[in-house]
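In: please work out how this folds:
(one chain, ligands or ions: 1)
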Amino acid sequence: MTHQVALPAFYNDLDASFAEAWNVVAAGVTDRNSPAHTPTVGTVDADGTPQLRIMILRAVSRDSRSLRFHTDARSDKTAQLRDEAAASILVYDPAAKTQIRLSGRAHITSDGDLADTAWSGSTPFARRCYMAEAAPGTPIAQPSSGLPEWIEGKQPEEHQLADYRGNFAALMFQADSIEWLYLANAGHRRARWQWDQTQNLWLGNWLVP
Ligand SMILES: Cc1cc2nc3c(=O)[nH]c(=O)nc-3n(C[C@H](O)[C@H](O)[C@H](O)COP(=O)(O)O)c2cc1C
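Out: Model (predicted):
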(Lines give C-alpha, C1' and ligand atoms only; values in the text may rest on other atoms or scores of the structure.)
Protein backbone atom coordinates (compact mmCIF):
# COMPACT_ATOMS: atom_id res chain seq x y z
CA MET A 1 0.00 0.00 0.00
CA THR A 2 1.40 3.38 -0.93
CA HIS A 3 1.01 6.27 1.43
CA GLN A 4 -0.11 9.35 -0.50
CA VAL A 5 0.74 12.71 0.97
CA ALA A 6 -0.91 15.74 -0.62
CA LEU A 7 1.67 17.66 -2.63
CA PRO A 8 1.80 21.43 -2.27
CA ALA A 9 0.53 23.66 -5.07
CA PHE A 10 4.08 24.84 -5.83
CA TYR A 11 5.38 21.28 -6.37
CA ASN A 12 5.46 21.45 -10.19
CA ASP A 13 5.16 25.23 -10.50
CA LEU A 14 8.43 27.13 -10.92
CA ASP A 15 7.01 30.60 -10.19
CA ALA A 16 5.11 29.36 -7.15
CA SER A 17 8.26 27.58 -5.89
CA PHE A 18 10.14 30.87 -6.21
CA ALA A 19 7.46 32.65 -4.20
CA GLU A 20 7.56 29.88 -1.59
CA ALA A 21 11.36 30.13 -1.34
CA TRP A 22 11.07 33.84 -0.45
CA ASN A 23 8.22 33.09 1.98
CA VAL A 24 10.35 30.51 3.81
CA VAL A 25 13.25 32.99 4.09
CA ALA A 26 11.04 35.96 5.04
CA ALA A 27 9.39 33.94 7.83
CA GLY A 28 12.74 34.14 9.59
CA VAL A 29 12.23 37.84 10.29
CA THR A 30 8.82 37.61 11.93
CA ASP A 31 8.87 34.11 13.42
CA ARG A 32 11.57 33.47 16.04
CA ASN A 33 10.83 29.74 15.84
CA SER A 34 11.39 29.58 12.10
CA PRO A 35 14.75 28.00 11.13
CA ALA A 36 15.20 30.96 8.77
CA HIS A 37 15.51 33.16 11.88
CA THR A 38 19.01 31.72 12.34
CA PRO A 39 20.46 31.04 8.90
CA THR A 40 24.07 30.13 8.25
CA VAL A 41 26.00 33.00 6.71
CA GLY A 42 29.07 32.10 4.66
CA THR A 43 31.95 34.36 3.73
CA VAL A 44 35.46 33.66 2.44
CA ASP A 45 38.52 34.58 4.50
CA ALA A 46 41.87 35.89 3.24
CA ASP A 47 43.16 32.29 2.81
CA GLY A 48 40.16 31.37 0.66
CA THR A 49 38.67 29.24 3.42
CA PRO A 50 34.86 29.33 3.67
CA GLN A 51 33.80 30.75 7.05
CA LEU A 52 30.30 29.89 8.27
CA ARG A 53 28.40 31.22 11.25
CA ILE A 54 24.84 31.51 12.48
CA MET A 55 23.34 35.00 12.41
CA ILE A 56 19.92 36.37 13.28
CA LEU A 57 17.98 37.41 10.20
CA ARG A 58 16.67 40.97 10.77
CA ALA A 59 15.06 42.00 7.49
CA VAL A 60 14.27 40.67 4.04
CA SER A 61 13.37 42.60 0.91
CA ARG A 62 12.34 40.52 -2.04
CA ASP A 63 12.25 43.67 -4.22
CA SER A 64 15.87 44.56 -3.55
CA ARG A 65 16.90 40.86 -3.21
CA SER A 66 18.47 41.74 0.11
CA LEU A 67 18.79 40.35 3.62
CA ARG A 68 19.93 42.37 6.64
CA PHE A 69 21.90 41.09 9.62
CA HIS A 70 23.51 42.88 12.57
CA THR A 71 27.07 42.39 13.70
CA ASP A 72 30.04 43.86 15.54
CA ALA A 73 32.00 46.20 13.29
CA ARG A 74 35.19 44.75 14.82
CA SER A 75 34.38 41.09 14.00
CA ASP A 76 36.35 38.88 11.61
CA LYS A 77 33.44 38.66 9.19
CA THR A 78 33.52 42.45 8.86
CA ALA A 79 37.11 42.26 7.64
CA GLN A 80 36.10 39.53 5.17
CA LEU A 81 33.46 41.86 3.72
CA ARG A 82 35.63 44.97 3.48
CA ASP A 83 34.93 45.28 -0.24
CA GLU A 84 31.66 44.01 -1.68
CA ALA A 85 32.53 40.31 -1.32
CA ALA A 86 31.13 36.89 -2.19
CA ALA A 87 28.74 35.55 0.44
CA SER A 88 26.15 32.78 0.79
CA ILE A 89 23.20 32.15 3.06
CA LEU A 90 21.86 28.69 3.93
CA VAL A 91 18.45 27.83 5.36
CA TYR A 92 17.02 24.40 6.07
CA ASP A 93 13.42 24.37 7.21
CA PRO A 94 12.56 20.75 8.15
CA ALA A 95 8.81 21.45 8.53
CA ALA A 96 8.76 23.04 5.07
CA LYS A 97 11.00 20.16 3.83
CA THR A 98 13.04 22.82 2.10
CA GLN A 99 16.68 23.79 1.72
CA ILE A 100 17.41 27.24 0.32
CA ARG A 101 20.87 28.41 -0.76
CA LEU A 102 21.29 32.06 -1.57
CA SER A 103 24.50 33.33 -3.17
CA GLY A 104 25.54 36.86 -3.89
CA ARG A 105 27.55 39.72 -2.48
CA ALA A 106 27.62 41.28 0.95
CA HIS A 107 29.00 44.43 2.51
CA ILE A 108 29.18 46.01 5.92
CA THR A 109 27.63 49.37 6.62
CA SER A 110 28.36 51.00 9.96
CA ASP A 111 27.73 54.73 9.32
CA GLY A 112 24.64 56.32 7.90
CA ASP A 113 20.89 56.06 8.12
CA LEU A 114 20.55 52.33 7.52
CA ALA A 115 22.86 51.38 10.41
CA ASP A 116 21.45 54.18 12.62
CA THR A 117 17.88 52.91 12.12
CA ALA A 118 18.95 49.31 12.67
CA TRP A 119 20.73 50.34 15.89
CA SER A 120 17.86 52.33 17.34
CA GLY A 121 15.37 49.63 16.30
CA SER A 122 17.20 46.98 18.36
CA THR A 123 16.37 46.32 22.00
CA PRO A 124 18.80 47.63 24.66
CA PHE A 125 19.47 44.02 25.61
CA ALA A 126 20.44 43.09 22.02
CA ARG A 127 22.64 46.19 21.80
CA ARG A 128 24.48 45.25 24.98
CA CYS A 129 26.57 42.79 22.88
CA TYR A 130 28.24 45.78 21.26
CA MET A 131 29.56 46.98 24.63
CA ALA A 132 32.34 44.36 24.54
CA GLU A 133 35.62 46.10 25.39
CA ALA A 134 37.80 44.21 22.93
CA ALA A 135 36.95 42.97 19.43
CA PRO A 136 35.03 39.67 19.22
CA GLY A 137 37.52 36.84 18.78
CA THR A 138 40.28 38.52 20.82
CA PRO A 139 42.11 35.86 22.89
CA ILE A 140 41.61 36.31 26.66
CA ALA A 141 43.40 34.77 29.65
CA GLN A 142 40.22 34.12 31.66
CA PRO A 143 36.72 33.08 30.55
CA SER A 144 34.58 36.20 30.15
CA SER A 145 31.62 37.71 28.31
CA GLY A 146 33.95 40.50 27.24
CA LEU A 147 31.44 43.05 28.58
CA PRO A 148 32.41 45.73 31.12
CA GLU A 149 31.80 44.34 34.60
CA TRP A 150 29.27 47.04 35.55
CA ILE A 151 26.81 45.93 32.85
CA GLU A 152 27.06 42.16 33.40
CA GLY A 153 23.60 40.71 33.98
CA LYS A 154 21.94 44.12 33.55
CA GLN A 155 20.01 45.79 30.77
CA PRO A 156 21.73 48.99 29.63
CA GLU A 157 19.93 52.35 29.59
CA GLU A 158 19.70 54.27 26.32
CA HIS A 159 22.31 56.86 27.39
CA GLN A 160 24.73 54.10 28.42
CA LEU A 161 24.56 52.61 24.93
CA ALA A 162 25.34 55.78 22.98
CA ASP A 163 29.14 55.42 23.30
CA TYR A 164 29.02 51.97 21.73
CA ARG A 165 27.14 52.80 18.53
CA GLY A 166 30.47 52.73 16.63
CA ASN A 167 30.87 49.01 17.34
CA PHE A 168 27.60 48.20 15.59
CA ALA A 169 27.22 47.43 11.90
CA ALA A 170 24.61 46.09 9.52
CA LEU A 171 25.63 43.30 7.18
CA MET A 172 23.73 43.71 3.91
CA PHE A 173 23.52 40.70 1.62
CA GLN A 174 22.18 40.89 -1.92
CA ALA A 175 21.27 37.64 -3.70
CA ASP A 176 22.07 36.97 -7.33
CA SER A 177 21.26 33.25 -7.17
CA ILE A 178 18.61 31.31 -5.25
CA GLU A 179 18.62 27.55 -5.16
CA TRP A 180 15.64 25.57 -3.95
CA LEU A 181 15.46 21.92 -2.88
CA TYR A 182 12.08 20.53 -1.85
CA LEU A 183 12.03 17.05 -0.36
CA ALA A 184 9.12 14.75 -1.20
CA ASN A 185 8.69 10.97 -1.32
CA ALA A 186 6.92 11.44 -4.65
CA GLY A 187 10.18 12.88 -6.00
CA HIS A 188 12.33 15.77 -4.85
CA ARG A 189 12.22 19.08 -6.66
CA ARG A 190 15.19 21.35 -7.25
CA ALA A 191 15.34 24.69 -9.02
CA ARG A 192 17.66 27.66 -9.34
CA TRP A 193 16.96 31.28 -10.20
CA GLN A 194 19.70 33.63 -11.37
CA TRP A 195 19.33 37.39 -11.31
CA ASP A 196 19.61 38.74 -14.86
CA GLN A 197 21.22 42.16 -14.60
CA THR A 198 20.36 43.24 -18.14
CA GLN A 199 16.68 42.27 -18.04
CA ASN A 200 16.31 43.11 -14.35
CA LEU A 201 14.55 39.87 -13.52
CA TRP A 202 15.03 36.40 -12.10
CA LEU A 203 15.51 33.56 -14.60
CA GLY A 204 14.61 30.16 -13.20
CA ASN A 205 15.22 26.54 -14.14
CA TRP A 206 14.35 23.15 -12.74
CA LEU A 207 17.45 21.08 -11.90
CA VAL A 208 17.97 17.38 -11.27
CA PRO A 209 17.77 17.07 -7.47
C1 LIG B 1 21.72 31.53 17.73
C2 LIG B 1 22.89 32.40 17.38
C3 LIG B 1 22.64 33.67 16.89
C4 LIG B 1 23.70 34.51 16.52
N5 LIG B 1 23.42 35.75 16.01
C6 LIG B 1 24.43 36.54 15.60
C7 LIG B 1 24.16 37.78 14.96
O8 LIG B 1 23.00 38.17 14.73
N9 LIG B 1 25.22 38.54 14.58
C10 LIG B 1 26.51 38.15 14.78
O11 LIG B 1 27.41 38.91 14.40
N12 LIG B 1 26.80 36.98 15.38
C13 LIG B 1 25.80 36.16 15.78
N14 LIG B 1 26.07 34.95 16.37
C15 LIG B 1 27.49 34.59 16.63
C16 LIG B 1 28.14 34.12 15.32
O17 LIG B 1 27.68 32.82 15.00
C18 LIG B 1 29.68 34.13 15.41
O19 LIG B 1 30.10 33.27 16.43
C20 LIG B 1 30.25 35.52 15.66
O21 LIG B 1 29.52 36.52 14.96
C22 LIG B 1 31.72 35.61 15.25
O23 LIG B 1 31.83 35.37 13.85
P24 LIG B 1 33.08 35.86 12.99
O25 LIG B 1 34.32 35.60 13.81
O26 LIG B 1 33.03 35.07 11.74
O27 LIG B 1 32.92 37.34 12.73
C28 LIG B 1 25.04 34.08 16.71
C29 LIG B 1 25.27 32.80 17.18
C30 LIG B 1 24.23 31.97 17.51
C31 LIG B 1 24.53 30.59 18.00
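
In: pLDDT on stretch 29-43, on average?
Out: The average of the pLDDT scores along stretch 29-43 is 98.

In: got the buried residues for that stretch?
Out: Going by neighbour count (16 or more other CB atoms under 10 Å), the buried part of stretch 29-43 is Val29, Ser34, Pro35, Ala36, His37, Pro39, Val41, Gly42, Thr43. Just so you know, the C-beta spots here come from the backbone N, C-alpha and C atoms, and that holds for glycine as well.

In: how long is it end to end?
Out: In stretch 29-43, first residue to last residue: 21 Å (CA to CA, to the nearest Å).

In: ok, back up a step: report the two of the buried residues of stretch 29-43 separated the most.
Out: Taking CB to CB as the measure, the buried residues of stretch 29-43 span a maximum distance of 22.8 Å, between Ser34 and Thr43.

In: ok so, going back, now distance to the ligand too, for the buried residues of stretch 29-43, in CSV please.
Out: Listed next are those as CSV, based on distance: CB to the nearest ligand atom, whole Å:
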residue, distance to the ligand
Val29, 12
Ser34, 13
Pro35, 11
Ala36, 13
His37, 8
Pro39, 10
Val41, 8
Gly42, 10
Thr43, 7
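
In: redo these as TSV? Include secondary structure.
Out: Putting the buried residues of stretch 29-43 into TSV (DSSP: H, G, I helix; E, B strand; the rest coil) gives the following:
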residue	secondary structure
Val29	helix
Ser34	coil
Pro35	helix
Ala36	helix
His37	helix
Pro39	coil
Val41	strand
Gly42	strand
Thr43	strand
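
In: surely Leu7 meets Ala186?
Out: Yes - here Leu7 reaches Ala186: they are 6.1 Å apart, a contact under CB atoms under 8 Å.
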